[in-house]
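In: Provided below for reference: sequence and predicted model.
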Amino acid sequence: MPTASTGWFETARFGMFVHFGLYSLAARHEWVRSRETMSQEAYDRYLDRFEPDLFDARELARAARAAGMRYAVLTAKHHDGFCLYDSALTSYTSQRAVGRDLVREFVEAMRAEGLRVGLYYSLLDWQHPDFTVDEHHPLRGTPAADEPRDMARYRACLHGQVRELLTGYGPIDLLFFDFTYPGKGPEEWGAAELLSMVRALQPDILVNDRLGIPGDYVTPEQYQPDRPLERDGAPVTWEVCHTLNGSWGYDRDNHAYKDPALLVRMLVESVACGGNLLLNVGPTGRGALDPRARGTLEAIGAWLALHERSVRGAGPSGLQAPPHTLCTRVGRRLYLHLLSWPLGHLHLPGLAGRVRYAQLLHDGSEIRFHELDGAEHEHVNMAPPASPRAPSPSPCPSPGRMSCCR
């Protein structure tokens, strides 16, 4: 089956994931209904109180762009089955609840800000009467688990809802399906037919790998690859998705936030290994970004404002990175990201005769270097221009980056 071009995706390198839904009102993880084995009636107390008066897609788009993100993905439907768009196949929607098609608001706002648009769609649906009860379903272990259900009818609804998303909102750049697991696989989803329909409706769309059959890119989650990913010796396009604090949906009492400097490092690590970072935010029950998430995005944006060219359109360097560094590359320019610089100089084995100029990226200041002709290896030895500690005006406490023009 033909696949779409990943050119824009591999240039962007950094995107925003947005998890928002009824679970945001519970404020204790997006799997709250499954974790607490809630009945539909108990969960629908959130539906009765769903009022996203602070959900401003335009503000969200501006925050994403200011953070240096170039695409964004919204949960059009999560596992609970609640749709953030107007569907003819269910009344369990934001349109019916509050008279708002949040997917349409999101798509239009992202396009207006010049960002690529992605939609997340859960293959699971705990609200649908024909989705069979399994290990993840909130009704496991209850009499409802023994009631007859028809996955063929659910599959028809699944395909119909995906068709709605791909025909009602103009071009969609990326479709993030979630997820396949033992007992619910490609056959249950009608994966081959579904993907064929997606390709026919939107030939240029990128589709992830969670249908249980190959897609355009693979999606490691909550762990950081430390090398380029390959399949049968060939490079694989990939995107790692991470949370700010371990929860995708708004989790009010979870304060285990990652430091902005760590998130910058994770972004650079992803690019150095040929991948993208999709960083999640979980708006509050009213739809706003909480202050900690907003501050984190602003800090990352401040770093990228000075160091963007080492990330955007960059990829693996093809070189062995010296200790305490990460290497990215764009064409003939090598970027060395210094995780620490305790000795005030840096050895670059094998680059003697290949470096024309060196500078700190954050301010463009020249770095002096000299070449050493050793018995076994030729080195380039670099030192900072005046001080052993390169200043960085970024809120993220990492040194300025060197760019080496080969």
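Out: Arrived safely, thanks for sending.

In: could you find the closest non-adjacent residue to T11?
Out: Spatial nearest neighbour of T11, chain neighbours left out: G313 (4.6 Å); criterion: Cβ to Cβ, 6 or more residues apart in numbering. All C-beta atoms are positioned from the backbone trio N, CA, C, and that covers glycine.

In: again with A88
Out: E164 (7.0 Å).

In: how close does the one you found get to D101?
Out: Counting by Cβ to Cβ, to the nearest Å, the separation of E164 from D101 is 11 Å.

In: identify the contacts common to these two.
Out: Y85 (Cβ atoms under 8 Å, 6 or more residues apart in numbering).

In: show the contacting residues for the residue most central in space within the chain.
Out: With distances taken as Cα atoms, centre = their mean, the chain has L278 as the residue nearest its mean C-alpha position (1.5 Å). Applying Cβ under 8 Å, 6+ apart to L278 gives the contacts 15-17, 73, 239-242.

In: change it to 10 Å
Out: Contacts for L278 were tallied using Cβ atoms under 10 Å, 6 or more residues apart in numbering; they are 14-17, 69, 71-73, 118, 174, 176, 219, 221, 239-242, 270.

In: neighbours of the residue nearest to it when sequence neighbours are not counted, how many?
Out: For L278, ignoring the flanking residues on the chain, the nearest one in space by Cβ to Cβ, 6+ apart is C241 at 4.3 Å. Look at C241: counted by other Cβ atoms under 10 Å, it has 21 neighbours.

In: ditto for E41
Out: 7.

In: quick check: which element contains it?
Out: Secondary structure from DSSP states H and E places E41 in helix 40-48.

In: quick check: next helix or strand after that helix?
Out: Taking DSSP H and E, what comes next after helix 40-48 is helix 57-66.

In: put the alpha carbons of that following helix into PDB.
Out: The C-alpha atoms that make up helix 57-66 are tabulated as PDB, following Å, rounded to 0.1, in the frame of the first residue of the first chain:
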ATOM      1  CA  ALA A  57      -8.100  26.900  20.200                       C
ATOM      2  CA  ARG A  58      -6.500  30.100  18.900                       C
ATOM      3  CA  GLU A  59      -4.600  30.600  22.100                       C
ATOM      4  CA  LEU A  60      -3.500  27.000  22.100                       C
ATOM      5  CA  ALA A  61      -2.200  27.400  18.500                       C
ATOM      6  CA  ARG A  62      -0.300  30.500  19.500                       C
ATOM      7  CA  ALA A  63       1.200  28.700  22.500                       C
ATOM      8  CA  ALA A  64       2.300  25.800  20.300                       C
ATOM      9  CA  ARG A  65       4.000  28.000  17.700                       C
ATOM     10  CA  ALA A  66       5.700  30.100  20.400                       C
END
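
In: now the helix holding E41: buried residues?
Out: By neighbour count on 16 or more other Cβ atoms under 10 Å, the buried set for helix 40-48 is 40, 43-44, 46-47.

In: likewise for stretch 333-349?
Out: So for stretch 333-349, counting by 16+ other Cβ under 10 Å, buried means 333-338, 341, 346, 348.

In: that older thread, ok, the residue nearest to T11 - contacts?
Out: 7, 10-13, 271, 328, 330-331.

In: the residues you listed into TSV, with extra columns for distance to S24 and neighbour count?
Out: Listed next are those as TSV, based on distance: Cβ to Cβ, whole Å; neighbours: other Cβ atoms under 10 Å:
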residue	distance to S24	neighbour count
G7	34	9
E10	32	19
T11	32	13
A12	26	20
R13	28	26
V271	31	27
T328	35	28
V330	38	16
G331	43	9
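
In: now, those that are in helices?
Out: Per DSSP state H, helices hold the following members of those: 7, 10-12, 271.

In: separation between R368 and T11?
Out: For R368, the distance to T11 - Cβ to Cβ - is 33 Å.

In: where does pLDDT dip in this protein?
Out: 1-3, 374-379, 383-406 (pLDDT under 70).

In: where do the helices sit along it?
Out: 7-12, 23-26, 32-35, 40-48, 57-66, 94-98, 102-112, 151-167, 186-189, 191-201, 260-272, 291-307.

In: L361 is nearest to which of the ones you listed?
Out: The closest of the helices of the chain to L361 is helix 291-307. By Cβ to Cβ, the value is 5.6 Å.

In: counting contacts, what elements does the closest one pack onto?
Out: strand 14-18, helix 57-66, helix 260-272, strand 275-281 (3 or more Cβ pairs under 10 Å, 6 or more residues apart in numbering; DSSP states H and E).

In: could you export these as a markdown table, including distance to G114?
Out: Listed next are the helices and strands packed on helix 291-307 as a markdown table, based on distance: least, Cβ to Cβ, whole Å:
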| stretch | distance to G114 |
| --- | --- |
| strand 14-18 | 13 |
| helix 57-66 | 7 |
| helix 260-272 | 20 |
| strand 275-281 | 18 |
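
In: closest one to L123 among those?
Out: Closest of these to L123 is strand 14-18, at 17.0 Å (criterion: Cβ to Cβ).

In: residues touching the residue nearest to E51 when sequence neighbours are not counted, list them.
Out: Excluding its sequence neighbours, the residue lying closest to E51 (Cβ to Cβ, 6+ apart) is V98, at 6.4 Å. V98 makes contact with 47, 50-53, 55, according to Cβ under 10 Å, 6+ apart.

In: measure V98 to V32 for me?
Out: V98 is 20 Å from V32, by Cβ to Cβ.

In: ditto for A66
Out: 31 Å.

In: equivalent analysis for E10, please.
Out: Separation of E10 from V32 (Cβ to Cβ) stands at 35 Å.

In: and what of D48?
Out: Relative to V32, and taking Cβ to Cβ, D48 is found at 16 Å.

In: kindly report the same for A152.
Out: The gap separating A152 from V32 is 29 Å, by Cβ to Cβ.

In: the two: which is more packed in?
Out: Neighbours were counted for A152 and for V32 using other Cβ under 10 Å; V32 has more, 22 against 9.
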